[in-house]
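Chemist: Give me a model of this one.
(one chain, ligands or ions: 1)
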Amino acid sequence: MRVGASPETEARRAAITLATLALRPSGSERNGILASVSDLSEIRDAARVFISERDWQQFQDPKSILLALVGEVGELAELLQWLPADGARDQLREEPLHTRVSEEMADVLVYLVGLADQCGVDLGSAALAKIKASADKYPTDQNRGVAPDKT
Ligand SMILES: [Mg+2]
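Modeler: Residues are numbered from 1 along each chain as shown. Model (predicted):
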């Protein structure tokens with residue numbers, strides 16, 4: 001078990017083996033984390049409504065969204081920058097930091113989903129394809145416990 005991981009989290013992680021992450025059409029899996037991945041369309045649709053209701057489509061271009069995304073990543077990084085590495089996982093589970101980190105992660109996700117929407121990218125499928133490619137690039141028998149290089 002990983003340090004700081006709950007038994008439920010660890011069991012869920014174990015259930016999601018690379019075999020279960022084999023490429024599927026988007027939205028075809030409706031359990032656990034995979035259902036959450038396919039639910040990116042709900043975030044996209046909610047953001048579209050939010051933007052439309054304010055007539056902000058005119059400001060939605062890939063460059064502007066990317067810059068907003070980078071700004072939100074900076075806000076997230078600011079919350080973590082001085083946490084000691086060996087205690088960060090525990091501190092991030094405590095309030096008020098947990099709520100603040102959740103909010104900034106949500107900002108990052110919403111802008112990333114918006115960027116994917118602008119670019120016509122199926123983000124869930126692209127992410128699963130990337131994980132599959134990484135699994136092929138780093139077979140477990142040669143890479144277990146070894147830090148990866150850039151993917
Ligand atoms: Mg923010």
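Chemist: State the number of residues packed around the closest residue in space to P148 that isn't next to it in sequence.
Modeler: Distance criterion Cβ to Cβ, 6 or more residues apart in numbering; nearest residue to P148, sequence neighbours excluded, is Y138 at 5.9 Å. Quick note: C-beta positions are derived from backbone N, CA and C, even for glycine. When neighbours are counted by other Cβ atoms under 10 Å, Y138 registers 14.
Chemist: Y138 contacts G145, correct?
Modeler: No. Using Cβ atoms under 8 Å, Y138 makes no contact with G145, being 11.5 Å away.
Chemist: what does this protein have sitting close to the ion?
Modeler: Applying Cβ under 5 Å from the ion, we find that the chain lies next to the ion at 72, 75, 104, 107.
Chemist: Distance check, the first one against E104.
Modeler: Applying Cβ to Cβ, to the nearest Å, one obtains 6 Å for the distance of E72 from E104.
Chemist: Just the buried ones from the residues of the chain next to the ion?
Modeler: Taking 16 or more other Cβ atoms under 10 Å as the criterion, what is buried in the residues of the chain next to the ion is 72, 104, 107.
Chemist: Can you add pLDDT and give those back as CSV?
Modeler: Compiled in CSV, those are given as follows (pLDDT from 0 to 100):
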residue, pLDDT
E72, 98
E104, 98
D107, 98
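Chemist: from those residues, which is closest to L97?
Modeler: For those, the residue nearest L97 by Cβ to Cβ is E104; the value is 10.6 Å.
Chemist: shaky segments in this structure?
Modeler: 1-38, 150-151 (pLDDT under 70).
Chemist: Now do the strands in it.
Modeler: In the chain, no strands are defined using DSSP state E.
Chemist: Considering only it, name the residue that lies closest to the ion.
Modeler: D107 (3.9 Å; Cβ to the ion).
Chemist: which residues touch that residue?
Modeler: Taking Cβ atoms under 8 Å, 6 or more residues apart in numbering, we find D107 in contact with 72, 75-76.
Chemist: redo that, cut-off 6 Å
Modeler: Counting by Cβ atoms under 6 Å, 6 or more residues apart in numbering, D107 touches E72.
Chemist: what's the spacing between it and P62?
Modeler: Distance from D107 to P62, counting by Cβ to Cβ: 17 Å.
Chemist: Alright, that wraps it up for me.
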